[in-house]
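[1] next input, structure requested:
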Amino acid sequence: MKSKWAPKNSYDLHSENQSFGASDLERWPLQDLLQKTQKPGEEFCSYGEVLSQCLLLINESPTARLMVQEAIQEKWEITLFDLSGGEYWIDVEEKLILLDSNALTPSALGRSVYFKNAVIVTLIKALRDIWQEKRHGGFDEKYRPEYTMTMERVRSADCDVLSILIAWELRADAYPDLWRHLIGSENGDMAMAFSGFLERNPSGQFNRQAMTAAFRQWFRCEVRVNTCDHNTLEYLDDILKETREQNPFGTKKPKAVEVEILSCLPDRTAYLQGYGSEILSDPLFSGMDDPINQSHLFHILYDLEATIIENVPFRDSDLAKKIFPAQPLMLEKKTTKADQ
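    Numbering: from 1, shown residues only. Purely as a prediction, here's the structure:
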């Protein structure tokens, strides 16, 4: 089963005819990784040793520690695999996290500061995604497709914001290299927005306004927004292909509090509190400028209204019955969630 959320640069194991069973991929429980020890300068012999070092570093962050503890309680496992440039992939039913190994051997990955930091950042995002998955599941089951797009954007931005917060917490003494890595990454503008706000308002770390500044910056990058939209649209397409319902999606419009709760941290504070209505109405957060993604969304909305028989779409089901009288069962109007 694919995750309810298609992450940026996601990778579909099924389309690649890969299996993620225990017999094919070596996987490690998070609890076991926290108990591993590695001597300084010792060569990495397995991906488990690399993951152990990364997880031990992350666990020094107060925010990350709570997410790690919950993932351990839920018995999640993790492995490294060549995802051909994808960041990560989670299987909710198997409770398995796959991180991209960038086709590097364990020893090469352990020696490379850049790629090891990339694994750490990706692991933080995956842990946050698991945290969100447990509490919110799939947005497509609740909301109309256009609002699912907005909610997925908020969730994707939140994962990036959490990686910045945790890197900042580790910056003080435990692992300052991770913050420098983020500054030079594709999310460097978010990191600068976060630190810049703290320079002007030192109390921003405690009232979470610096996180809000980083969140806003996420939406100012068209590449991030368009990539998230593309992956969400691909996921919605997959749902339409797999279902026999005319409309398998929800019918709700999210409320402001439902947006704000996505920013709830392990300490039970929400950095987007009071911003839900703005996110739902401001074009910066909910607008769609990319013409390809616009066309893709319109096609999905059109398919929800059309009756498709023999790959021919009809807006009028009575007309479809007249043209294809030999298939009465397939022409019956399917019950949608709006009809129930």
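[2] hang on, isn't Leu233 packed against Phe298?
    No: look at Leu233 against Phe298 with Cβ atoms under 8 Å: they stay out of range, at 10.5 Å. All C-beta spots, glycine's among them, are computed from the backbone N, C-alpha and C.
[3] helix, strand or coil for the residue nearest to Lys36 when sequence neighbours are not counted?
    Nearest residue to Lys36, sequence neighbours excluded (Cβ to Cβ, 6 or more residues apart in numbering): Ser52, at 3.8 Å. Per DSSP: H, G, I helix; E, B strand; the rest coil, the secondary structure class of Ser52 is helix.
[4] mind listing what Ser52 touches?
    Counting by Cβ atoms under 8 Å, 6 or more residues apart in numbering, Ser52 makes contact with Trp28, Leu33, Leu34, Lys36, Gln38.
[5] and the residues you listed as a markdown table, adding neighbour count?
    Below are those laid out as a markdown table (neighbours: other Cβ atoms under 10 Å):
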| residue | neighbour count |
| --- | --- |
| Trp28 | 19 |
| Leu33 | 22 |
| Leu34 | 14 |
| Lys36 | 15 |
| Gln38 | 15 |
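[6] dump stretch 247-257 to CSV, restricted to CA.
    Extracted C-alpha coordinates of stretch 247-257, given in CSV (Å, rounded to 0.1, in the frame of the first residue of the first chain):
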residue,chain,number,x,y,z
ASN,A,247,-16.6,10.0,-6.8
PRO,A,248,-14.3,8.3,-4.3
PHE,A,249,-13.3,11.6,-2.7
GLY,A,250,-14.7,13.5,0.3
THR,A,251,-17.1,16.4,-0.1
LYS,A,252,-15.9,18.7,2.8
LYS,A,253,-14.2,22.0,2.7
PRO,A,254,-11.6,22.2,5.5
LYS,A,255,-12.2,24.6,8.4
ALA,A,256,-9.6,27.0,9.7
VAL,A,257,-8.9,24.9,12.8
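[7] not counting that stretch itself, show me its contacts.
    Outside stretch 247-257, the residues touching it (Cβ under 8 Å, 6+ apart) are 139-145, 147-148, 150-151, 236, 239-240, 276-277, 279-280, 304, 336-338.
[8] Leu233 and Phe298 - which one has more neighbours?
    The residue with more neighbours, out of Leu233 and Phe298, is Leu233; 22 against 10, by other Cβ atoms under 10 Å.
[9] ok so that one is a helix residue?
    Yes: under three-state DSSP, Leu233 sits within a helix.
[10] counting neighbours, what do you get for the residue lying closest to it once chain neighbours are set aside?
    In space, and not counting its chain neighbours, Leu233 is closest to His296: 4.6 Å by Cβ to Cβ, 6+ apart. For His296, the neighbour count with other Cβ under 10 Å is 18.
[11] my read is that Gly188 contacts Arg180, right?
    No: Gly188 is not in contact with Arg180 according to Cβ under 8 Å; the separation is 10.1 Å.
[12] what are the buried residues along the longest helix along the chain?
    Counting residues, the longest helix in the chain under DSSP state H turns out to be helix 145-171. Under the neighbour-count criterion of 16 or more other Cβ atoms under 10 Å, helix 145-171 has 145, 147-171 buried.
[13] just stretch 263-278 next, same as before
    So for stretch 263-278, counting by 16+ other Cβ under 10 Å, buried means Ser263, Cys264, Leu265, Pro266, Ala270, Tyr271, Leu272, Tyr275, Gly276.
[14] which ones are touching Gln273?
    Residues in contact with Gln273 (Cβ under 8 Å, 6+ apart) are Glu260, Ser263.
[15] from Val257, how far out is it?
    9 Å (Cβ to Cβ, to the nearest Å).
[16] what segments of the stretch 1-150 of the chain are helices?
    Assigned by DSSP state H, counting those that start in this stretch, the helices in the stretch 1-150 of the chain fall at 30-35, 47-58, 62-73, 106-111, 113-136, 145-171.
[17] now do the fifth one: distance to the chain's middle.
    In this case it means helix 113-136. Going by Cα atoms, centre = their mean, to the nearest Å, the spacing between the C-alpha centre of helix 113-136 and its chain's C-alpha centre is 9 Å.
[18] what's the answer for the second one, then?
    When C-alpha coordinates are averaged (Cα atoms, centre = their mean), helix 47-58 and its chain have centres 21 Å apart.
[19] correct me if wrong: Ala126 contacts Leu99.
    Yes: assessed by Cβ under 8 Å, Ala126 is found in contact with Leu99 at 6.8 Å.
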